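Visitor: this one's sequence-less:
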């Protein structure tokens, strides 16, 4: 019964925290930037409350170690007090708020008192500059005083409650920012679905007292994926040792993520700042679980030189293909696949859940094709889940979750499950940006059930196929020609300009009118010889072409070498999955509609695509004619009545 009160306390506190914006920031900063000021102060107050009970003892302890390198002091404080960060300043927010003078200088001194291992939080928040903006507007003192009165101590507000506060503030902040929110924050309902599926097959070893799992996010944002994965694993076994790893480029997102993980009891270095495409800060490491929501359609031209250099190393993360520089999300998909741990002692390999838009499913460029080919050939794709539209803050487009697995369960090997969750949603009471829908608990349970049921799942939302079903060859199909021989002045003019054409050849051509076209090579040579004329092969070919007239009643045409002729300009490309027999496919799908078709597998182009929408497409049954007639009759009656009223008027 304690959980509801915690949530209630968190909601109430969140409202009080956000009231700062309306009271003190209005007309000072743009509304869309409210969160950039509220979030840092919320973090600062929480950290202050976390340290208040031990601060005096820590300061005295650290002062006794003056002269030691900071990283050794960090270790000593961690061993003695169980704290992964600390503050040595004699100040706190209440002290600073107790006087009106030099608030900005005092606040800076206080921030500088935090241990070096979290100094980058304040730098990434651009805290000092934002504090100066408030100071110049004579609002800093009021903001500091407001936050100094909030009880954000772990005793009053546990990690879950504080998480609610932090999430609420972020929601409000992102709602102000609109589309920009989608760049670094993933809705928790989407994350929970990803995590549910990701850990659903974790074996019995997680129940042991010495179980350990690693979780990694190369686009960590505010750290939500890492924290929700940790919570889910802890619910499975509260003793499991979960180690979180993340990397984030955007400064404000990095600060949010690092601070949020720290507030939840995480390590100061759980998230590292850097560009994942340029430098993998966890190079050489692989993980049990990987989660990522990389940016959609983001240009990677700035990183191109570095990425192409890395791609030249055989077997590296980018060596399997490079997409267009206009959209780098498949680079992240390949990177996530490269970070999966191979099967360990318990036989379980690493698993990943990666969000994408539709493009990686079927982009036909060479790079995406090659990356898909690699994922399919290595049997790394376990499942792909279609999410509802309008799920994310910054976009309403269709999105998908790729589930990758480095060592599939036996029954799932060499198979790929597609799950259509596009209709599994509830409407949000109050839309936030482009997010108007959420995947609620019941819908998540239905999708998870479908995943677990695998080949026994409801076919309306789940299909199981093989990698070869997504590998195809585009086979050129031509229509076999049927020709008869026809003499015409145009045919003569077509060959008259040739050096090997003599005036007597016109009479030969006239004589051969109506000859079976396939017999024309021999017939022309004999007729020419009888007339004392030469019949070189080049001329025979030219005459055959000039005198060819299409006729559906004629036999299939072959040239003088016996090669089938095709109808000029008639060509189509038939896509055939590698899992299908080519001839059987053509007999079933092409020949009934084009009996004269022929194809050449040697000229086929190989490729890959995952036609998700087509696989789940269900054609609508046309309305019955009687129903249509009834509607027409009703409408005509309504129109007749309307005309009567007009005439009466």
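Guide: Ah, there it is. Given the structure is predicted, the values throughout are model-derived calculations rather than measurements. Numbering: from 1, shown residues only.
Visitor: worst-scoring helix or strand of the protein, pLDDT-wise?
Guide: One helix or strand of the chain scores below all others by mean pLDDT, DSSP states H and E: helix 2-20, with a mean of 62.
Visitor: From the chain's centroid, how far away is the following helix or strand past that one?
Guide: Going down the chain from helix 2-20, the next helix or strand is helix 34-51, by DSSP states H and E. A distance of 32 Å separates the centroid of the chain from that of helix 34-51, by C-alpha atoms, centre = their mean, to the nearest Å.
Visitor: Now helix 34-51: buried residues?
Guide: 34-51 (16 or more other C-beta atoms under 10 Å). Bear in mind the C-beta positions are built from the backbone N, C-alpha and C, glycine included.
Visitor: packing partners for that helix?
Guide: helix 2-20, helix 93-97, helix 127-136, helix 140-148, helix 159-177, helix 251-263 (3 or more C-beta pairs under 8 Å, 6 or more residues apart in numbering; DSSP states H and E).
Visitor: Tell me what angle that helix forms with helix 127-136.
Guide: Between helix 34-51 and helix 127-136, the angle comes out at 110 degrees (axes from the mean of the first three to the mean of the last three C-alpha atoms, to 10 degrees).
Visitor: Now do helix 34-51 and helix 251-263, the angle between them.
Guide: Put simply, helix 34-51 runs at 30 degrees to helix 251-263, going by the same axes, to 10 degrees.
Visitor: how about low-confidence regions in the stretch 1-150 of the chain?
Guide: By pLDDT under 70, the low-scoring segments of the stretch 1-150 of the chain are 1-11.
Visitor: pretty sure residue 537 contacts residue 560?
Guide: Yes - using C-beta atoms under 8 Å, residue 537 is in contact with residue 560, at 7.5 Å.
Visitor: Comparing those two, which residue is more hemmed in?
Guide: A direct count of neighbours by other C-beta atoms under 10 Å for residue 537 and residue 560 places residue 560 higher, at 15 against 12.
Visitor: Just say helix, strand or coil for the more buried one.
Guide: coil (DSSP: H, G, I helix; E, B strand; the rest coil).
Visitor: what number of residues lie near the residue lying closest to it once chain neighbours are set aside?
Guide: The shortest distance from residue 560 to any non-neighbouring residue, by C-beta to C-beta, 6 or more residues apart in numbering, is to residue 521 (3.8 Å). Neighbours of residue 521 under the rule other C-beta under 10 Å: 19.
Visitor: Show me what counts as buried in the helix or strand residue 244 falls within.
Guide: In the assignment (DSSP H and E), residue 244 maps to strand 241-248. Across strand 241-248, burial judged by 16+ other C-beta under 10 Å covers 242, 244, 245, 246, 247, 248.
Visitor: and the angle from it to helix 251-263?
Guide: Going by the same axes, to 10 degrees, strand 241-248 makes 170 degrees with helix 251-263.
Visitor: which secondary structure elements does strand 241-248 contact?
Guide: Packing partners of strand 241-248 (3+ C-beta pairs under 8 Å, 6+ apart): strand 212-217, helix 224-236, helix 251-263, strand 271-273.
Visitor: Each with direction, which strands does that strand pair with?
Guide: Strand 241-248 has the following strand partners under DSSP bridges: strand 212-217 (parallel), strand 271-273 (parallel).
Visitor: can you give me how far it is from the chain middle?
Guide: How far strand 241-248 lies from its chain's middle: 21 Å, per C-alpha atoms, centre = their mean.
Visitor: what residue ranges in this protein score low on pLDDT?
Guide: 1-11, 174-184, 344-347, 646-649.
Visitor: Scan it for its longest strand.
Guide: strand 566-577 (DSSP state E).
Visitor: who touches residue 525 in this structure?
Guide: Contacts for residue 525 (C-beta atoms under 8 Å, 6 or more residues apart in numbering) come out as 535, 540.
Visitor: What residues does the residue lying closest to residue 501 once chain neighbours are set aside make contact with?
Guide: Counting by C-beta to C-beta, 6+ apart, residue 495 is the residue found nearest to residue 501 once chain neighbours are left out, at 5.3 Å. Contacts here follow C-beta under 8 Å, 6+ apart; on that basis residue 495 touches 501, 505, 539, 542, 543, 546.
Visitor: one more time with 10 Å
Guide: 501, 505, 506, 509, 539, 541, 542, 543, 545, 546, 547 (C-beta atoms under 10 Å, 6 or more residues apart in numbering).
Visitor: is it true that residue 589 touches residue 577?
Guide: No - look at residue 589 against residue 577 with C-beta atoms under 10 Å: they stay out of range, at 11.4 Å.
Visitor: Mind checking which of these two has more residues around it?
Guide: For residue 589 versus residue 577, neighbours defined as other C-beta under 10 Å are more numerous around residue 577 (16 against 13).
Visitor: just checking, the more buried one touches residue 475?
Guide: No - look at residue 577 against residue 475 with C-beta under 10 Å: they stay out of range, at 11.3 Å.
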